[in-house]
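Undergrad: need a 3D model of the sequence below.
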Amino acid sequence: MPKKKIYRIHIQTDGKSVTAHEEDNLAQSIRNAGIPLNNLCGNKGLCGKCRVRIKSGKVPDINEKEQFLLGESSSQDGLRLACNIPIKSDMIIDIPPDSLLTEIKGLKTGIIQLKDMEPAVKKYPFPVVPATIPDPLSIIAVIEKYFKKHNFILAPQVWKNIVSISSGQPSSATAVFYDGSELINVETGDTSLSNYGLAVDIGTTTVALELVDLNNGKKIDSSMLPNGQISQGGDIITRIGHAIQSRENLHCLKKAIRDTLEKMIIHILKRNNISPAHIYAVTVAGNTVMNHLFLGLPVESLAKAPFFPLMERFPIYCAEDLELPINPSAKIFTAPNIKSFVGGDISAGLTACSFFSRKGNFIFIDLGTNGEIVLKKENMYTATSTAAGPAFEGMNISCGMLAQSGAVYKAWFDQGLQISTINDTKACGICGTGLIDLLALFLTNVKISPSGRILDKEGKIKITNDLFLLQKDVREIQLAAAAVKTGVKMILDKARLKPVQLDGIFLAGAFGNYLNVRNAVRIGLLPEIKKEKIFFIGNSSLSGAKILLLSGKARKNIYAQVKKIKFYSLASDPSFQDRFINSLEFKQY
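TA: Take a look at the predicted model:
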């Protein structure tokens, strides 16, 4: 077989060049160069976001589908979809700013109720007494004697730093303990003021990170970026399918999320002038598939019925095991899965809102791609999940986008359609909350029928000169809303509860405080209950990860708490299909 030719692609936007083989995909080649191209559909030619301007090079003629996604004026301006272009020559290209994934507007981390702080890691300075012939104490013996601690666990890596302390004979050193029982590091001098941890939420679409001072529990900084696995598919089903095809694919997905996290960690530590060596603990909360892929665990058991995770409770890893750019001895705690596709992001979220200690009837709804729902009826707990899809995060929508600068996140009528965008910049797409607002407005003003049909004969509604809502977009939101509505209705019916009997709804995930409740009720996404009973808890997964970072009691209790929850499979309920179809119409509960 003849070798494929190698071509050079020069990217004028940032001066980078990348080499690629003949027939390689241009979008994937750009991402391989470390450039965060916005191709949320995973190179399937569905989202129309990976626009590049071809300056020179051979490209195939534009097809009808690509022309539709680009629009008449865009294609005439030299723009093409990178995922549609096989490399056939050397090329020079430009990448417009709105084709790049940038840092995302972070959700508030919700409510945190933490009474007794017991951080995962504590540091204790102590004097180093030189060993003598009459009393030849080792460093470990000095620590035992000074702190009156005996029989504590020794991390395997501890000896490396003990060697330097023993040979250097400093006057003081610092013992670093994890959970009060494991010595994970010994450092030269008094480093007790430099004690930091990371709380991490690994979402299907985005990754959120918070840098925390473990000495006082205060947030220092935070960051949010798109999950690097997006290039392999925008939803968990696609990623499961990709992962089970080969070990190489599983490795690529593991590497993609770890690379994303590594990039975030390096950036946030540099921004705050903190040494990676002073990060000693990380708590990770992710859905069932995300935590499996992050840890490099096979996902075959999640690919077919009965859809069970490989494990619900995870080992506590060291940072060097997971190749994270922090102290090699740092401990990685992963929030446990509950059942099936109800994962660690939900167990962390329930921790964040003190779900188990509340009196009364409550429902927890996470409006992410997986649509997890947990019901508390007095002392009984039931969880389920429903495939809402990524529409609420702006994905699979022709003009949709994540909550980045320029995204329409709010809409209303005031002598015509009015919109607000993130950072008040020019509208370049619509994120989840904006889609809900627009849909409710167009239903009320009879531009969309309750069945979801756009009444305009062209099958689209103008938002701005460049943004339109298409019929397929309405159908995507329709399916997502119906999935959540069906799940909530069925879990309430199973418990013989009506919405009016709920003492509260905890709403987490894609919308946070930006959701207009009235509009969400109008399209049937949420049941109609008193507004004061709806509690927005933003990114509860990140909130819960932070609590688990700072509370020994929470880390201990979470395993027992999730065991109380019974799983309710909607798919195995004979009535699910009919009820889902009946929920497709845009109407209140």
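
Undergrad: what's the spacing between the residue nearest to residue 49 when sequence neighbours are not counted and residue 116?
TA: Take residue 49 and drop its neighbours on the chain: the residue closest to it by Cβ to Cβ, 6 or more residues apart in numbering is residue 38, 4.2 Å away. C-beta here means a position set from N, CA and C on the backbone, and glycine is covered the same way. Distance, residue 38 to residue 116, by Cβ to Cβ, to the nearest Å: 44 Å.

Undergrad: between these two, which is the more surrounded one?
TA: residue 38 (25 against 9; other Cβ atoms under 10 Å).

Undergrad: so the more buried one makes contact with residue 50?
TA: Yes. In this structure residue 38 lies within contact range of residue 50 using Cβ atoms under 8 Å: 6.1 Å.

Undergrad: now for those two: what residues contact both?
TA: Common neighbours of residue 38 and residue 50, counting by Cβ atoms under 8 Å, 6 or more residues apart in numbering, are residue 99.

Undergrad: quick check: phi and psi on residue 559?
TA: For residue 559, the backbone dihedrals (degrees, to the nearest 10) come out as phi -70, psi -40.

Undergrad: contacting residues around it?
TA: If you count contacts by Cβ under 8 Å, 6+ apart, residue 559 has them with 313, 336.

Undergrad: at 10 Å instead, please
TA: Applying Cβ atoms under 10 Å, 6 or more residues apart in numbering, we find residue 559 in contact with 312, 313, 336, 347.

Undergrad: repeat that for residue 491.
TA: Residue 491 is in contact with 363, 365, 373-375, 377, 382-384, 386, 497, 568, 570, counting by Cβ under 10 Å, 6+ apart.

Undergrad: let's see 6 Å
TA: By Cβ atoms under 6 Å, 6 or more residues apart in numbering, the contact set of residue 491 is 373, 375, 382, 384.

Undergrad: swap in residue 315?
TA: Contacts of residue 315 (Cβ under 6 Å, 6+ apart): none.

Undergrad: pretty sure it belongs to a helix, no?
TA: No. Under the criterion used here (DSSP: H, G, I helix; E, B strand; the rest coil), residue 315 is coil, not part of a helix.

Undergrad: next one: phi and psi at it?
TA: Backbone geometry at residue 315, expressed as degrees, to the nearest 10, gives phi -60, psi 160.

Undergrad: model confidence for it, exactly?
TA: pLDDT recorded at residue 315 is 94.

Undergrad: likewise for the one 4 residues further on?
TA: Predicted confidence (pLDDT) at residue 319: the value is 95.

Undergrad: same deal with residue 334?
TA: Reported pLDDT for residue 334: 97.

Undergrad: distance check, it against residue 555.
TA: 11 Å.

Undergrad: settle it for me: which of those two has more neighbours?
TA: Shown here are residue 334 and residue 555; by other Cβ under 10 Å, residue 334 has more neighbours (26 against 20).

Undergrad: okay, now the unreliable bits of the stretch 51-200 of the chain?
TA: 71-76, 101-115, 131-136, 166-168 (pLDDT under 70).

Undergrad: strands along that one, start to end?
TA: Taking DSSP state E, counting those that start in this stretch, the strands of the stretch 51-200 of the chain run over residues 51-56, 79-81, 91-94, 121-127, 153-154, 172-178, 182-188, 196-202.

Undergrad: pretty sure residue 514 sits against residue 432.
TA: No. Contact criterion Cβ atoms under 6 Å: residue 514 and residue 432 do not qualify, at 8.4 Å.

Undergrad: those two: who's more crowded?
TA: Relative neighbour count places residue 432 above the other of residue 514 and residue 432, with 29 against 22, counting by other Cβ under 10 Å.

Undergrad: nearest residue to the more buried one other than its sequence neighbours?
TA: Distance criterion Cβ to Cβ, 6+ apart; nearest residue to residue 432, sequence neighbours excluded, is residue 392 at 4.2 Å.

Undergrad: against residue 496, how distant is that neighbour?
TA: Distance of residue 392 to residue 496, computed by Cβ to Cβ: 29 Å.

Undergrad: so between the two, which is more surrounded?
TA: residue 392 (29 against 8).

Undergrad: I'd guessed that one sits against residue 367; true?
TA: Yes. Assessed by Cβ under 6 Å, residue 392 is found in contact with residue 367 at 5.4 Å.

Undergrad: the nearest residue to residue 330 once chain neighbours are set aside: how many residues sit nearby?
TA: Nearest residue to residue 330, sequence neighbours excluded (Cβ to Cβ, 6+ apart): residue 319, at 4.0 Å. Per other Cβ under 10 Å, the neighbour tally for residue 319 reads 22.

Undergrad: nearest residue to the middle of this structure?
TA: Centroid check for the chain by Cα atoms, centre = their mean gives residue 203 as the closest residue, at 1.9 Å.

Undergrad: which intervals of this structure have sub-threshold pLDDT?
TA: Applying pLDDT under 70 to the chain flags the ranges 1-2, 34, 39-47, 71-76, 101-115, 131-136, 166-168, 510-513.

Undergrad: walk me through the domains of it.
TA: 6-99, 121-188, 196-334, 358-589 (automatic domain parsing).

Undergrad: list the contacts for residue 19?
TA: Counting by Cβ under 6 Å, 6+ apart, residue 19 touches 6, 8.

Undergrad: give me the distance between it and residue 29.
TA: From residue 19 to residue 29 the distance is 8 Å (Cβ to Cβ).

Undergrad: ditto for residue 160
TA: Distance, residue 160 to residue 29, using Cβ to Cβ: 41 Å.

Undergrad: so the two - more neighbours on which side?
TA: Taking neighbours as other Cβ under 10 Å, residue 160 and residue 29 compare with residue 29 leading, 22 against 12.

Undergrad: circling back to that earlier point, to residue 342, which of the domains of the chain lies closest?
TA: Comparison of those against residue 342 by Cβ to Cβ identifies domain 358-589 as nearest, at 4.7 Å.

Undergrad: distance from that closest one to the middle of the chain?
TA: Computed by Cα atoms, centre = their mean, to the nearest Å, the separation of domain 358-589 from the middle of its chain amounts to 16 Å.

Undergrad: what's the answer for stretch 271-282, then?
TA: With Cα atoms, centre = their mean, you get 21 Å for stretch 271-282.

Undergrad: then stretch 146-156?
TA: Once both centres are worked out by Cα atoms, centre = their mean, stretch 146-156 turns out to sit 37 Å from its chain's centre.

Undergrad: contacts for that stretch?
TA: Against stretch 146-156 from outside (Cβ under 6 Å, 6+ apart): 126, 144, 181, 182, 183, 184, 329.

Undergrad: so which of those is the closest to residue 90?
TA: Of all those, residue 90 sits closest to residue 329, with 47.6 Å by Cβ to Cβ.

Undergrad: state whether the closest one is indeed within a helix.
TA: No. Applying three-state DSSP, one finds residue 329 to be coil, outside a helix.

Undergrad: I'd say it and residue 183 touch.
TA: No. If you go by Cβ under 6 Å, residue 329 and residue 183 don't touch, sitting 9.4 Å apart.

Undergrad: who's more crowded, the two?
TA: residue 329 (24 against 21).

Undergrad: how much space is there between the more buried one and residue 189?
TA: From residue 329 to residue 189 the distance is 17 Å (Cβ to Cβ).

Undergrad: with residue 210 instead?
TA: Applying Cβ to Cβ, the value for residue 210 to residue 189 is 28 Å.

Undergrad: over to residue 119?
TA: 21 Å.

Undergrad: compare the two (neighbour count), which wins?
TA: The residue with more neighbours, out of residue 119 and residue 189, is residue 119; 23 against 13, by other Cβ under 10 Å.

Undergrad: got the phi and psi for the spatially closest residue to that one that is not a sequence neighbour?
TA: If the residues on either side of it in the chain are set aside, residue 119 comes closest to residue 214, at 4.2 Å by Cβ to Cβ, 6+ apart. With angles defined as degrees, to the nearest 10, residue 214 sits at phi -70, psi -10.

Undergrad: export stretch 8-27 to PDB, keeping only CA atoms.
TA: Backbone C-alpha positions of stretch 8-27 (Å, rounded to 0.1, in the frame of the first residue of the first chain) are rendered in PDB as follows:
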ATOM      1  CA  ARG A   8       1.100  21.300   5.900                       C
ATOM      2  CA  ILE A   9      -1.800  23.400   7.200                       C
ATOM      3  CA  HIS A  10      -0.900  26.900   8.200                       C
ATOM      4  CA  ILE A  11      -3.400  28.500  10.600                       C
ATOM      5  CA  GLN A  12      -3.000  32.300  10.300                       C
ATOM      6  CA  THR A  13      -5.200  33.000  13.300                       C
ATOM      7  CA  ASP A  14      -2.400  32.200  15.800                       C
ATOM      8  CA  GLY A  15       0.500  31.400  13.500                       C
ATOM      9  CA  LYS A  16       0.500  27.700  14.100                       C
ATOM     10  CA  SER A  17       1.200  25.000  11.500                       C
ATOM     11  CA  VAL A  18       0.200  21.400  11.700                       C
ATOM     12  CA  THR A  19       1.100  18.500   9.400                       C
ATOM     13  CA  ALA A  20      -1.500  15.900   8.400                       C
ATOM     14  CA  HIS A  21      -1.900  13.000   6.100                       C
ATOM     15  CA  GLU A  22      -3.800  13.100   2.800                       C
ATOM     16  CA  GLU A  23      -7.500  12.600   3.400                       C
ATOM     17  CA  ASP A  24      -7.300  13.400   7.100                       C
ATOM     18  CA  ASN A  25     -10.200  15.400   8.400                       C
ATOM     19  CA  LEU A  26      -9.400  19.200   8.600                       C
ATOM     20  CA  ALA A  27     -11.400  19.700  11.900                       C
END
